[in-house]
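Chemist: no FASTA, just this:
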DNA sequence: AATGAATGAGCGTTCATTCAT
DNA sequence: TATGAATGAACGCTCATTCAT
């Protein structure tokens, strides 16, 4: 009979292998895109057999969604941890964006996966987005609402404003990704805030 | 000897067929993405044989690039025509964004094609972008510069501000695309301008 | 009403066009082989429309067989004319081989067509062979028989001997075709005769 | 850990499957020629999936070259084994031709593959020929040279004479292949030797 | 549980042939 | 009669998925 300990050891080994696969998948998906990516190459990079991937994920599609979910979870945790102790709505939002930029600066691959052509199963990706990514936007919305309440933010459609901030930030990240010179992405934080905050803050 | 007239008739028929193909290709590419899209289905939708597509375009890739180029040309012309008579930098930019929104409201499919991430020939797509799309961003930059000169715009990095505006607008379009309810995209113009203009305009 | 003369003029113009097509087809078939050869390119080289080819020949296959037949006819005529006035069996055969070599030296393309992979319709090609080419071998056989009768040739299986001569000659032509240096094919006549004649002649 | 034995078992199974494919490919290539041959039919005949062929050969072309190489290797070995113990140049050559005839009598398909004219990669086929087939001709040349040295063969261009023998033999094989009645090819050995040897031997 | 050889549906592309002009 | 634009059957090759070991 297997002891609890050895079962747990096995479990953790299994998890480890799964992370290995997710990591490799992210690398390949970000380099080649969903359709061009080759499951065999992902397996080779993860140093497992092709069949093993199918023990952990239902299909190539499932693997891709797994990567998206995994990445979003890490991103969310990173941002949440970074801002949990901040109280001021403006400062909280500001720091969230800062952390967001830093996260993608460190994980360019994940951004490339996120903006991927995921046609054909947009629905599922969006379900993940809604479940895992949107709460993050809601966070901003909540802060905006709090900001409106305490009178530092204009009485604006918070949903659109939140999307605007994300979109604005994303386009800056995109510009950075396709640029040749490697300037620190963080430099752009000020201009993002300059533009966005001026727009949403009440005139002093 | 063929008359000039009959030659011209043939030419125009050829163009007509090419537009038919481009139109169908845009529909399918926007629904399925580049890789999933089936050339045979595009042909069927355009009511031509598969071979006919290859008389007009070198390959599936060439067809996709053709769609991108075609769409950008129409978009550019639409916007240019709409703003050519406007003088004030702020009004010009405002109206450009308005037309941009209206254009994608009418041609959602094209937007879906544009944001595709086609690995393996990102380079060519970007070459088209640089040649056909970026002048459009430059236009905004120029207006920003003029605005700075005449003192209605803050002395800001015009390139980043232009990207910010495009990104902000795009994210609003994206939000609209994935939304279930079909509210008019134009409604969002005000909030875009509210946010962005406040950010770039000098305080009154 | 069309005059006889103009009809005849038309007929000859038609024949001229057909020869143009045959000539072009031989060039392309010899360069590319049957399957790789492109009917469109043949048409372009003959300076006619693709459809015109199908007025003169039933199909690509028919065109190929036409080329074979046309070439064999010319070859046969060339050889026949060259040897008709010669009487001695040995001299007649010798001169036939000489003319054969000269013919292929001038028309390498035709040899390339003849040895082509004509699988799938070997039957038809062979029918042409039997009807147009074998009489030529029979000619040699007849000369051999006459030689046997008059006692200058050994009493040998004439069919095999004729094939042996043709095969021997063909292999020499093949060797010449694939060689880089362009030595005159005629040089090899002596060795062919040396080998073949010594073998078939009675010891003096 | 896999045992050496099971690895060896796998290897031999792989080789077995490869030979199955080569055998089927030879059958189809010989019946249809390179271009007409259908990879799917080859797979069906070998009782493997289409994909399996591409695990063993890079492409259809690679498969064809594989068949050529495989056949030549077997042919060479067969002939070499048959003549290695013979010393006299004349007898050695005689027996080589005999074995050559017997080989093709047993493997008509291979002959049909060999004489194919595959435009577009004649070069590669010839490289294999030069590496695998020409040594065989050289063998004859060497025997001829030895024969000249010891005075049983006339002082003749050995290269041309060797080609002559091969060509002569091949044309006999060709005649046999297209004949309806199935006479034993070996019957023709005597006449080949009669013609060729008498031609190259010094007059007694 | 892990593997990777085998599979075959699926798709891009070609090109002989047709037929409206 | 001559043309060449249009067609679609045909085929080589890929790669996600399966399954015997």
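Modeler: Perfect, thanks for sending it. Here the structure is a predicted model, which means the values were calculated and not measured.

Chemist: and the angle for whichever helix or strand residue A:22 is part of with helix B:4-36?
Modeler: Taking DSSP states H and E as the definition, residue A:22 sits inside helix A:4-36. Relative orientation of helix A:4-36 versus helix B:4-36 (axes from the mean of the first three to the mean of the last three C-alpha atoms, to 10 degrees): 180 degrees.

Chemist: so who does residue A:104 touch?
Modeler: A:110-111, A:173, A:185 (C-beta atoms under 8 Å, 6 or more residues apart in numbering or on different chains). All C-beta spots, glycine's among them, are computed from the backbone N, C-alpha and C.

Chemist: Residue A:138 now?
Modeler: With contact set as C-beta under 8 Å, 6+ apart, residue A:138 has these partners: residue A:162.

Chemist: chain center to whatever helix or strand it lives in, what's the gap?
Modeler: According to DSSP H and E, residue A:138 maps onto helix A:134-149. Chain-centre distance of helix A:134-149: 18 Å, with C-alpha atoms, centre = their mean, to the nearest Å.

Chemist: Stretch A:142-156 too?
Modeler: That offset, for stretch A:142-156, works out to 25 Å (C-alpha atoms, centre = their mean).

Chemist: Just the buried positions in it, please.
Modeler: A:142-144, A:146-148, A:152-154, A:156 (16 or more other C-beta atoms under 10 Å in any protein chain shown).

Chemist: so can I have TSV of the residues you listed showing distance to chain D?
Modeler: Listed next are the buried residues of stretch A:142-156 as TSV, based on distance: C-beta to the nearest C-beta, whole Å:
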residue	distance to chain D
A:142	54
A:143	55
A:144	56
A:146	60
A:147	60
A:148	62
A:152	64
A:153	61
A:154	62
A:156	58
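
Chemist: Surely residue A:147 touches residue A:153?
Modeler: Yes - the pair residue A:147 and residue A:153 qualifies as a contact (C-beta atoms under 8 Å) at a distance of 3.3 Å.

Chemist: List the contacts of the residue nearest to residue A:39 when sequence neighbours are not counted.
Modeler: For residue A:39, ignoring the flanking residues on the chain, the nearest one in space by C-beta to C-beta, 6 or more residues apart in numbering or on different chains is residue A:60 at 5.6 Å. With contact taken as C-beta under 8 Å, 6+ apart, residue A:60 is in contact with A:34, A:37, A:39.

Chemist: Same list (these) but as a markdown table, adding pLDDT, distance to residue B:82 and neighbour count.
Modeler: Shown next, in a markdown table, are the contacts of residue A:60 (pLDDT from 0 to 100; distance: C-beta to C-beta, whole Å; neighbours: other C-beta atoms under 10 Å in any protein chain shown):
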| residue | pLDDT | distance to residue B:82 | neighbour count |
| --- | --- | --- | --- |
| A:34 | 89 | 37 | 24 |
| A:37 | 93 | 41 | 22 |
| A:39 | 97 | 48 | 16 |
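
Chemist: So is the one helix or strand residue A:127 maps to next to DNA strand F?
Modeler: Using DSSP H and E, residue A:127 maps to helix A:122-128. No - for helix A:122-128 and DNA strand F, the contact criterion (C-beta under 7 Å from any atom of the strand) is not met; the two come no nearer than 13.5 Å.

Chemist: Lowest average confidence across helices and strands of chain A, where is it?
Modeler: Sorting the helices and strands of chain A by mean pLDDT, DSSP states H and E puts helix A:122-128 at the bottom, at a mean of 73.

Chemist: what separates it from the chain centre, distance-wise?
Modeler: For helix A:122-128, the distance to the chain centre is 14 Å (C-alpha atoms, centre = their mean).

Chemist: does it come close to chain B?
Modeler: Yes - against chain B, helix A:122-128 shows contacts by C-beta under 8 Å from any C-beta of the partner chain at residue A:126.

Chemist: on contacts alone, who are the packing partners of that helix?
Modeler: helix A:60-83 (3 or more C-beta pairs under 8 Å, 6 or more residues apart in numbering or on different chains; DSSP states H and E).

Chemist: Mind pulling up the pLDDT for the residue most central in space within chain A?
Modeler: By C-alpha atoms, centre = their mean, chain A has its centre lying nearest to residue A:72, at 4.0 Å. Residue-level confidence at residue A:72 comes out at 86, pLDDT.
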